[in-house]
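> after the sequence you'll find the predicted model.
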Amino acid sequence: MTRSRTAAVLAVAAVLPAFLTGCAAGGDVTAPARAASRTTPDTRSSDDPAAAGASGPATRDASAGRPVRSPAKPVRVPAGVTAGYAVVDVTTGKTVAQKQAHHRFRSASVVKILIATDYLERHKGKIPARDMALLTPMLRGSDDDAATALWRRGGQGEIVRRMARRIGLTETAPPPAAKPGFWGYTAISAADIALVYRYLLRRAEPRVRDFVLGNLRKASQCARDGFDQFFGIPRAVPRPWAIKQGWSGYGAVPPVKCTRAKATSYRIGAITISGNPVDFGRPVLHTTGVIGDRLIMVVLTLQPSGASFTQSAQRVTKLARDLYLSVA
């Protein structure tokens with residue numbers, strides 16, 4: 001091999017790694033790589049576990065200019081907690097993180113989103129003052145009495161059936177036949193509630209979307225029953241957010257409003273709905289919502305029997321924070 005030919009080979013070898021990785025010495029993506037990232041479609045469905053659980057190409061948030069990446073592995077769930085979660089990139093509709101997203105939980109107050117949406121889609125025009133006095137505190141302060149009134153007027157379990165058909169919810173079901181008035185016993189999954197938020201953002205009429213999400217953006221720290229509902233998303237991620245929380249199994253009223261709550265466990269046991277068991281015994285604590293205009297986050301949890309509200313809130317907040325940091 002001549003000296004000139006040897007020099008040429010060495011020169012090619014020096015730049016070959018950078019060419020293959022698509023990165024120049026300064027870390028910038030080369031023009032061919034940029035073109036490929038724009039034109040190569042990602043055909044994985046939003047419910048594809050490979051898309052959710054493996055580290056892959058970043059999807060870019062058009063509004064914030066920041067990538068949203070899939071976590072390399074699911075975040076750690078606290079010991080003794082059963083969790084189902086889903087995080088969806090609002091821009092692309094892709095599920096960027098999930099764990100047991102199709103596991104069923106009792107809804108507690110999360111079902112109030114369905115109650116409000118169903119009401120608004122059945123009642124056109126201006127909302128009467130007496131109904132506004134129910135809808136607003138139900139969404140902002142999780143008012144149970146308001147939810148019960150709207151639940152009865154809407155046909156109880158028929159509310160859930162109507163919304164499941166409209167949105168395409170597959171794990172959501174009305175309360176057991178023996179408990180028709182117990183709206184908090186509605187069965188839900190993280191995947192289904194993520195679909196509810198996506199429906200509100202993309203498919204619902206603007207008046208429905210703006211009313212529901214507008215009130216959830218104004219959620220009060222102290223719920224109508226005295227519990228502090230700023231756990232999970234509100235304490236784990238930066239504003240702005242729109243949230244709907246849920247809790248059950250901690251007693252009716254906290255001993256000190258918006259602070260510590262003495263644990264009270266209602267042992268009812270597990271009831272099977274359509275072959276998928278829903279635990280109605282252990283306490284539940286859920287945090288759900290839209291984070292800015294970037295992410296939908298749904299974290300549903302069953303807490304250890306006898307757990308206090310304060311301990312449960314701390315666990316859910318840490319889980320929500322770890323999950324947000326893994327994809328943001």
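Sure thing, it's come through. Numbers count the residues shown, from 1 in each chain.
> isn't residue 127 up against residue 134?
No: assessed by CB atoms under 8 Å, residue 127 is found out of contact with residue 134, at 9.6 Å. Glycine gets a C-beta too; all of them are placed from N, C-alpha and C.
> more neighbours, the two?
Using other CB atoms under 10 Å as the criterion, residue 127 and residue 134 rank with residue 134 on top: 22 against 17.
> is that one in a helix, a strand, or coil?
Three-state call for residue 134 (DSSP: H, G, I helix; E, B strand; the rest coil): helix.
> now it: closest residue in space that isn't a chain neighbour?
Distance criterion CB to CB, 6 or more residues apart in numbering; nearest residue to residue 134, sequence neighbours excluded, is residue 146 at 4.1 Å.
> wasn't that neighbour part of a helix?
Yes: counting by three-state DSSP, residue 146 is found in a helix.
> tell me who's in contact with it.
133, 134, 135, 137, 138 (CB atoms under 8 Å, 6 or more residues apart in numbering).
> can you tell me how far the third one sits from residue 210?
What it means is residue 135. 13 Å (CB to CB, to the nearest Å).
> and for the last one?
Shown here: residue 138 relative to residue 210, a distance of 17 Å by CB to CB.
> got it, and the second one?
Taking CB to CB as the criterion, residue 134 is separated from residue 210 by 18 Å.
> related to what we said a few turns ago, residue 135 and residue 210: who's more crowded?
The residue with more neighbours, out of residue 135 and residue 210, is residue 135; 22 against 12, by other CB under 10 Å.
> the closest residue to the more buried one other than its chain neighbours sits in which helix or strand?
Among residues not flanking residue 135 along the chain, residue 116 sits closest, at 5.6 Å (CB to CB, 6+ apart). When secondary structure is defined by DSSP states H and E, residue 116 falls within helix 112-122.
> other SSEs contacting that helix?
helix 129-141, helix 144-153, helix 157-167, helix 190-202, helix 206-216 (3 or more CB pairs under 8 Å, 6 or more residues apart in numbering; DSSP states H and E).
> list the buried residues for the second one?
By neighbour count on 16 or more other CB atoms under 10 Å, the buried set for helix 144-153 is 144, 146, 147, 148, 149, 150, 151.
> per-residue pLDDT of the last one, please?
What it means is residue 151. Looking at residue 151, its pLDDT reads 98.
> now swap in the fourth one and tell me
On pLDDT, residue 148 comes in at 98.
> from residue 114, how far out is the spatially closest residue to residue 158 that is not a sequence neighbour?
Excluding its sequence neighbours, the residue lying closest to residue 158 (CB to CB, 6+ apart) is residue 174, at 7.8 Å. In this view, residue 174 and residue 114 are 10 Å apart by CB to CB.
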